[in-house]
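A.B. asks: Sequence and predicted structure are below.
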Amino acid sequence: MTLEAPASPQSPASAPVVLVEGLVFRYPNGHQALHGIDLRIDPGEKIALIGPNGAGKSTLMLHLNGIHLPSEGRVVVNGLPVSRENLGRIRAMVGLVFQDPDDQLFSPTVYDDVAFGPIHMGLSKEEVDTRVARALAAVGLAGFERRQPFHLSIGQRKRAALATVLSMSPSLLVLDEPSAGLDPRGRRELITLLRGLEQTLLVSTHDMRLVAEIFPRTVILDDGRIVADGPTGRLLADAALLEAHGLEMP
Ligand SMILES: Nc1ncnc2c1ncn2[C@@H]1O[C@H](COP(=O)(O)OP(=O)(O)OP(=O)(O)O)[C@@H](O)[C@H]1O
């Protein structure tokens, strides 16, 4: 097992954005998908979460905004435990983007989808409009307000899905497989976009080149356990480690 203190851009004393302690999760059918996860994410970190199919990456990420609640252990976001009572506040702080943008886009127009979160935060029409414009500009979709989401390309839909959470100004962005299905140009645009985001970022991916290009820190999950956590360059250079967990560089 390879575990190291993460290289945080903040001072070690700064409060973590995410603290996961002893997280165990069993699905209702009894399958135990997480076996005691400990993870700390500091402000401004950009972290890749990698591991083979079925390792538990999505299950872990779904705990960060309370779609799943721990069977044992706890998850704390910006000092607030993720629990049923705190879900509204947690979801305003954690923007979760699913792998399939169609899970996130359900309105007749891009504007309606991106405005949905801010409207439900009770913001004024003026503030909602400002946030929609800012979020669409951030993902390169300025002027797409009146477009119909289901007529956009997959790359545009993925960016629109990201805009639906950016409009809530989350302090943590959690993205599941953001580069899946993108062509080379879409991938390059995504890399530029992710590099420019100021939010703390946790991204699950099988795209090892994306990992190498963007993320200073990588966490490897296998069979519901963190098996390595450290600087990306060192982990990806460890061929034996990658092979042991069903991973390889392209
Ligand atoms: N609703 C469910 N009920 C029971 N077991 C589930 C459920 N969803 C996922 N699992 C199981 O939990 C384990 C972890 O799945 P998870 O989707 O978190 O893995 P993953 O690392 O995200 O995989 P992938 O890379 O394929 O997306 C797997 O064994 C999976 O079959």
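C.D. replies: Sure, I can see it.
A.B. asks: Please list all residues in contact with the residue nearest in space to the middle of the chain.
C.D. replies: Central residue check for the chain by C-alpha atoms, centre = their mean: the C-alpha nearest the mean position is that of V174, 1.3 Å away. V174 makes contact with 61, 64-65, 94-97, 202-203, according to C-beta atoms under 8 Å, 6 or more residues apart in numbering. To be clear about C-beta, it is placed using only N, CA and C from the backbone, and glycine gets the same treatment.
A.B. asks: What strand or helix carries it?
C.D. replies: strand 172-176 (DSSP states H and E).
A.B. asks: any idea which helix or strand comes after that strand?
C.D. replies: helix 184-196.
A.B. asks: Report pLDDT for the residue nearest to the centre of the chain.
C.D. replies: For V174, the model assigns a pLDDT of 97.
A.B. asks: likewise S11?
C.D. replies: So S11 comes in at 46 (pLDDT).
A.B. asks: Equivalent analysis for the one 5 residues further on, please.
C.D. replies: Looking at P16, its pLDDT is 96.
A.B. asks: Wait, it touches D42, no?
C.D. replies: Yes - contact criterion C-beta atoms under 8 Å: P16 and D42 qualify, at 5.5 Å.
A.B. asks: contacting residues for A15?
C.D. replies: Here A15 is in contact with 43, 78-79 (C-beta under 8 Å, 6+ apart).
A.B. asks: helix/strand/coil for it?
C.D. replies: coil (DSSP: H, G, I helix; E, B strand; the rest coil).
A.B. asks: do the same with the one 4 residues further on
C.D. replies: When the structure is split into helix, strand and coil by three-state DSSP, L19 lands in strand.
A.B. asks: Can you name the residues that contact it?
C.D. replies: 39-41, 75-76.
A.B. asks: That one and the ligand, how far apart?
C.D. replies: To the ligand, L19 is 20 Å away according to C-beta to the nearest ligand atom, to the nearest Å.
A.B. asks: Give me the mean pLDDT for stretch 50-57.
C.D. replies: The model assigns stretch 50-57 a mean pLDDT of 96.
A.B. asks: buried sites along that stretch?
C.D. replies: 50-51, 55-57 (16 or more other C-beta atoms under 10 Å).
A.B. asks: could I get that stretch in PDB with only the CA atoms?
C.D. replies: C-alpha atoms of stretch 50-57 as PDB (Å, rounded to 0.1, in the frame of the first residue of the first chain):
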ATOM      1  CA  ILE A  50      -8.900   5.700 -10.400                       C
ATOM      2  CA  GLY A  51      -9.400   2.000 -10.100                       C
ATOM      3  CA  PRO A  52     -10.800  -1.000 -12.000                       C
ATOM      4  CA  ASN A  53     -14.400  -1.400 -12.800                       C
ATOM      5  CA  GLY A  54     -16.500  -2.100  -9.700                       C
ATOM      6  CA  ALA A  55     -13.800  -0.700  -7.400                       C
ATOM      7  CA  GLY A  56     -16.300   1.600  -5.700                       C
ATOM      8  CA  LYS A  57     -15.400   4.900  -7.200                       C
END
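A.B. asks: re earlier: let me know the closest of the contacts of A15 to the ligand.
C.D. replies: Distance to the ligand across the contacts of A15 (C-beta to the nearest ligand atom) is lowest for N78, with 23.8 Å.
A.B. asks: Which residues are in contact with the closest one?
C.D. replies: 15, 17, 93, 171.
A.B. asks: again, but for D113
C.D. replies: 104-107, 149, 160, 163-164.
A.B. asks: ok, which pair from these is furthest apart?
C.D. replies: For the contacts of D113, with distances taken as C-beta to C-beta, the pair at the greatest spread is F106 and A163 (14.1 Å).
A.B. asks: All good on my end, thank you.
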